[in-house]
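>>> A predicted structure for the sequence below; I have some questions about it.
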Amino acid sequence: MTRTAIVTGAARGIGAATARRLAADGCHVAVIDLDENTAAGTAAAIAAETPGIRTLGIGADVSDAAAVEAAVARVAAELGAPTVLVNNAGILRDNLLFKMSETDWDAVLGVHLRGAFLMSRAVQAHQVDAKWGRIVNLSSTSALGNRGQANYAAAKAGMQGFTKTLAIELGRFGVTANAVAPGFIETDMTRATAERMGVPFEDFLAAAAAEIPVGRAGTPEDIAAAVAFFCREDAGFVSGQVLYVAGGPRA
Ligand code: NAP
């Protein structure tokens, strides 16, 4: 049976790699991102690579309840009822606590936590109907604390509590909820952090790799593989877990 998956923030980075991987694993895939054209471009590229798989790109802000409801309804109408959801959309607004604005706090909590809440609430109706579902939330090693990221660390720790609660509430309907917590992954997000710090990206990568036991930074595909595991048909007894994917045991 071909499942329909939604991946948020999937126009690029970890989300795009995850959408590509879920399509390769046999799901129809909706790519949701802020800009509809970019989302549609990624969706079209994935469809071209995976014969028999249908994709859809939708522009929606996951922190906007009306946009989320409309996006999920469109996926259901055009691709089929979504029963796999990957809450990946994310932003950074790093600053030390004494310089952090309320706007930056609210923006980060809004995209990560409110976004995951709104998307999960909309998608669970389809999962409960189908008596089957998979929710995977993107946390981070920053959930354990990271200088300059009070907002992001709070959001990513919040994702873990949210995940465990979904696992408890939705388990009886055949729905699992798990979280993947990446370490340092080479994407535009880490590139932007290097830029903000005034460090060439290659040097930033090398410094990160030196601290990682496997001796390299992670790739979006490393994270996609972990997400894909939780989405498997035979992973139905794995729920409420947080898997750190960081090239070693610590952040
Ligand atoms: P990225 O390259 O910055 O991609 C994030 C995507 O999310 C972008 O396409 C962005 O759209 C989209 N997005 C932002 N706000 C959104 C909103 N309100 N609604 C819908 N889409 C939105 O990030 P990434 O590195 O792939 O990270 C993906 C996830 O993994 C995030 O949750 C991040 O916190 C987490 N993570 C990343 C790392 C890492 O090292 N990279 C480590 C741990 C956890 P625009 O392009 O239009 O802004």
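Ah, there it is.
>>> what about the residue most central in space within the chain, distance to residue 120?
In the chain, the centroid-proximal residue (Cα atoms, centre = their mean) is residue 88; its distance is 1.6 Å. From residue 88 across to residue 120, the span is 13 Å (Cβ to Cβ, to the nearest Å). Heads up, the C-betas are built off the backbone N, CA and C, glycines and all.
>>> what does the stretch 1-150 of the chain put close to the ligand?
8-9, 11-15, 33-35, 61-63, 88-91, 111, 115, 138, 140 (Cβ under 6 Å from any ligand atom).
>>> and if you look at the stretch 151-251 of the chain?
182, 184-185, 187-190.
>>> Residue 247 contacts residue 219, doesn't it?
No. Contact criterion Cβ atoms under 8 Å: residue 247 and residue 219 do not qualify, at 10.5 Å.
>>> ok, these two, which is more surrounded?
Higher neighbour count among residue 247 and residue 219: residue 247, with 21 against 14, using other Cβ atoms under 10 Å.
>>> ok, now which ones touch that one?
By Cβ atoms under 8 Å, 6 or more residues apart in numbering, the contact set of residue 247 is 183-184, 212-218.
>>> next one: residue 47
23, 53-55.
>>> Let me see the ranges of the strands in the stretch 101-250 of the chain.
Using DSSP state E, counting those that start in this stretch, the strands found in the stretch 101-250 of the chain span residues 133-138, 175-182, 242-245.
>>> As JSON lines, those with mean neighbour count would be great.
Listed next are these as JSON lines, based on neighbours: other Cβ atoms under 10 Å:
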{"stretch": "strand 133-138", "mean neighbour count": "27"}
{"stretch": "strand 175-182", "mean neighbour count": "26"}
{"stretch": "strand 242-245", "mean neighbour count": "17"}
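>>> now, which of the contacts of residue 247 sits nearest the ligand?
residue 184 (5.1 Å; Cβ to the nearest ligand atom).
>>> residues near the closest residue to residue 112 other than its chain neighbours, how many?
In this structure, residue 112 finds its nearest non-sequential neighbour in residue 155, 3.8 Å apart by Cβ to Cβ, 6 or more residues apart in numbering. Using other Cβ under 10 Å, residue 155 has 27 neighbouring residues.
>>> Correct me if wrong: residue 155 contacts residue 113.
Yes. Counting by Cβ under 8 Å, residue 155 touches residue 113, with 5.2 Å between them.
>>> Give me the secondary structure label for the residue in the chain sticking out farthest from the centre.
Each residue of the chain has a distance to the centre, and by Cα atoms, centre = their mean the biggest one is for residue 98: 28.9 Å. Per DSSP: H, G, I helix; E, B strand; the rest coil, the secondary structure class of residue 98 is helix.
>>> what sits against it?
Residue 98 touches nothing, counting by Cβ under 8 Å, 6+ apart.
>>> What distance do you get for it to the ligand?
Applying Cβ to the nearest ligand atom, to the nearest Å, the value for residue 98 to the ligand is 23 Å.
>>> From the structure, what's the count of residues near the residue in the stretch 51-200 of the chain that the ligand sits nearest to?
Closest to the ligand within the stretch 51-200 of the chain is residue 90: 2.6 Å, counting by Cβ to the nearest ligand atom. Using other Cβ under 10 Å, residue 90 has 23 other residues around it.
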